[in-house]
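S.K.: pasting a predicted model and its sequence here:
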Amino acid sequence: MKSNSALHLNLHHAISQQLLVAFRYNDQDDWRVVEPFCLGLSSANNWSLRAFQRSGPSGSKTDWKLFNLDKAQDLRVLSQQFSADLRKKYRIGDKQMQTIFRQLY
């Protein structure tokens, strides 16, 4: 488990301000754009981000995903906000996280 305090601070800010986040994932060239909802340590002890993926590589779904942050590259917090009210399926206290550091609501 790698710790990257600048990355975590950026994600804290993005979650609290409901800002979109973009990054490349798993050494792919395509960018993913997500709505971040929860930052924490997964049950596998990885720094992880629970987010709703808005766009990504062809063939990937727009849906809820748990991203291992060790596989995220070039993460950027965008200036565009999102409305958390549109994502009713999000549940506080994500069961796939052993420790939650920041979440919406």
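M.R.: Done, it's in. Numbers count the residues shown, from 1 in each chain.
S.K.: test my guess that L66 contacts A72.
M.R.: No. Using CB atoms under 8 Å, L66 is not in contact with A72; the gap is 11.9 Å. From N, CA and C alone the C-beta is placed, and that goes for glycine too.
S.K.: so between those two, which is more surrounded?
M.R.: A72 (21 against 17; other CB atoms under 10 Å).
S.K.: who touches both of L66 and A72?
M.R.: L49 (CB atoms under 8 Å, 6 or more residues apart in numbering).
S.K.: in the protein, where is pLDDT below threshold?
M.R.: 1-3, 58 (pLDDT under 70).
S.K.: ok, which stretches of it are strands?
M.R.: Secondary structure of the chain (DSSP state E): strands located at 19-25, 31-42, 47-55, 64-68, 72-81, 97-103.
S.K.: E35 and A84 touch, don't they?
M.R.: Yes. E35 lies in contact with A84 (CB under 8 Å); the separation is 7.5 Å.
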